[in-house]
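> next comes the sequence, and after it the predicted model I'd like to discuss.
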Protein chains: 2
Amino acid sequence: MAPRTDPLSLEVIELIGTVVARYYEEYERAAAEHSLTGAQARVLGLLSLEPMPMRRIAQKLKCEPSNITGIVDRLEARGLVERRPDPLDRRVKLAAPTADGLATAADLRASLNFAREPLAELSTRERTVLRDLLKRMLGD
Amino acid sequence: MAPRTDPLSLEVIELIGTVVARYYEEYERAAAEHSLTGAQARVLGLLSLEPMPMRRIAQKLKCEPSNITGIVDRLEARGLVERRPDPLDRRVKLAAPTADGLATAADLRASLNFAREPLAELSTRERTVLRDLLKRMLGD
DNA sequence: TATTGTTATACTCTATAACTATA
DNA sequence: TATAGTTATAGAGTATAACAATA
């Protein structure tokens, strides 16, 4: 499928760029309110869904495993995450949120108003259309 | 306007998160292909539209002016950007792309296939609807 | 031998504060 | 005095390579 460079497509690309920029700002702001960096907030959010080995965090974040050591170190120092042994494989360390970490992750989600507040401007019908268009764009 | 937490809104938010993640990956990948960091690519892209004072770059990127010094240093060392005196104010340095920098910026834009390739999946009518919904979401 | 997590290293980005040269 | 850009500094994220413990 050939790339589109017509004015309408360029306008949509520009709008998506704006959405991306605003989403990122909002995310960093929400993280900073909890004195977390973006990377720390992303790891905590990930772990709040499901504890997982260090290596899998790296896969999810698409970065090198060695980076995760430091990020989890800082979350652990803050008492938001802990490392547990994996009973099935003693090489593996499972990173899991503490009760405090779970509460912080919930707070983070709650203060991420992006797309939720602006979405209120749209009717149910419009949100349905938007959902379907985004799904098509993402190759569903 | 109250935030929405219904399943449909949450689905749209999730989709937007996916769009944001994919956009960022694509951007970093395109920058890396030119041996540039994301920040360097953003500054170069900005300057390719219009030369500007160091301080204004910082405003556009929403970061501290002191950071721009290093980023422009590296772009200048690569021969992609140059600092010019501002004839109107000798305190100001205008950062401007070189011919090489302009070519690199054009290359970068061309290799940013995100949203352009997937957009081809949508008809003109659909892209128009998507544009209008995004504009509404972004508060026009 | 291969894998998991870590350490060591180097580079970049970031904010803060202090400095300089202009205005 | 105030402003533009820089420097110095410290913390964080990132990739690479080498290492210990375990598989």
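Sure thing, it's come through.

> quick one: secondary structure of the closest residue to residue A:102 other than its chain neighbours?
Closest residue to residue A:102 apart from its sequence neighbours, by C-beta to C-beta, 6 or more residues apart in numbering or on different chains: residue A:48 at 5.6 Å. Glycine gets a C-beta too; all of them are placed from N, C-alpha and C. Under DSSP: H, G, I helix; E, B strand; the rest coil, residue A:48 falls in the helix class.

> and residue A:89, by the same measure?
On the basis of three-state DSSP, residue A:89 is classed as coil.

> look up phi and psi at it.
In terms of degrees, to the nearest 10, the main-chain angles of residue A:89 are phi -150, psi 110.

> measure it to DNA strand D for me?
In this view, residue A:89 and DNA strand D are 5 Å apart by C-beta to the nearest atom of the strand, to the nearest Å.

> where in chain A is pLDDT low?
By pLDDT under 70, the weakly predicted segments of chain A are A:1-4, A:113-116.

> what strand or helix carries the residue most central in space within it?
For chain A, residue A:42 is the residue whose C-alpha lies nearest the centre (C-alpha atoms, centre = their mean; 4.8 Å). Using DSSP states H and E, residue A:42 falls within helix A:38-49.

> same deal with residue A:96?
Residue A:96 is part of strand A:93-97, with elements assigned from DSSP H and E.

> run me through the strand neighbours of that strand, direction for each.
Under the criterion DSSP bridges, strand A:93-97 sits next to strand A:52-53 (antiparallel), strand A:81-85 (antiparallel) in its sheet.

> can you report how many residues neighbour the residue nearest to residue A:102?
Other residues near residue A:48 come to 20 when the count uses other C-beta atoms under 10 Å in any protein chain shown.

> how far away is it from residue A:72?
Taking C-beta to C-beta, to the nearest Å as the measure, residue A:48 falls 14 Å from residue A:72.

> what is the longest helix along chain A packed up against?
If you go by DSSP state H, chain A has its longest helix at helix A:7-33. When contacts are defined as 3 or more C-beta pairs under 8 Å, 6 or more residues apart in numbering or on different chains; DSSP states H and E, helix A:7-33 packs onto helix A:38-49, helix A:99-111, helix B:7-33, helix B:124-137.

> let me see the backbone angles for residue A:123.
Dihedral pair for residue A:123: phi -80, psi 170, per degrees, to the nearest 10.

> give me the neighbour count for it.
Around residue A:123 there are 9 other residues, counting by other C-beta under 10 Å.

> next one: the one 5 residues further on
Other residues within reach of residue A:128, judged by other C-beta under 10 Å, total 14.

> count of neighbours near the residue lying closest to it once chain neighbours are set aside?
Take residue A:128 and drop its neighbours on the chain: the residue closest to it by C-beta to C-beta, 6+ apart is residue B:8, 6.6 Å away. By other C-beta under 10 Å, the residues close to residue B:8 number 15.

> thought residue B:8 was touching residue A:131?
Yes - with contact defined as C-beta atoms under 8 Å, residue B:8 reaches residue A:131; the gap is 6.7 Å.

> quick check: closest non-adjacent residue to residue A:51.
Using C-beta to C-beta, 6+ apart, the nearest residue to residue A:51 is residue A:96, at 3.5 Å.

> quick check, the one you found in contact with residue A:86.
No - with contacts counted by C-beta under 8 Å, residue A:96 stays clear of residue A:86, the gap being 10.9 Å.

> who has more neighbours out of the two?
Using other C-beta under 10 Å, the more surrounded residue of residue A:96 and residue A:86 is residue A:96, with 16 against 12.

> residues in contact with the more buried one?
A:47, A:51, A:81, A:82, A:83, A:84 (C-beta atoms under 8 Å, 6 or more residues apart in numbering or on different chains).

> just the buried members of these?
In the contacts of residue A:96, burial by neighbour count holds for A:47, A:51, A:81, A:82, counting by 16 or more other C-beta atoms under 10 Å in any protein chain shown.

> want to throw the residues you listed into a markdown table with distance to residue A:62?
Output for those, formatted as a markdown table (distance: C-beta to C-beta, whole Å):
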| residue | distance to residue A:62 |
| --- | --- |
| A:47 | 16 |
| A:51 | 20 |
| A:81 | 20 |
| A:82 | 24 |
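
> from these, pick the one nearest residue B:67.
If you rank those by distance to residue B:67 using C-beta to C-beta, residue A:81 comes first, at 29.4 Å.
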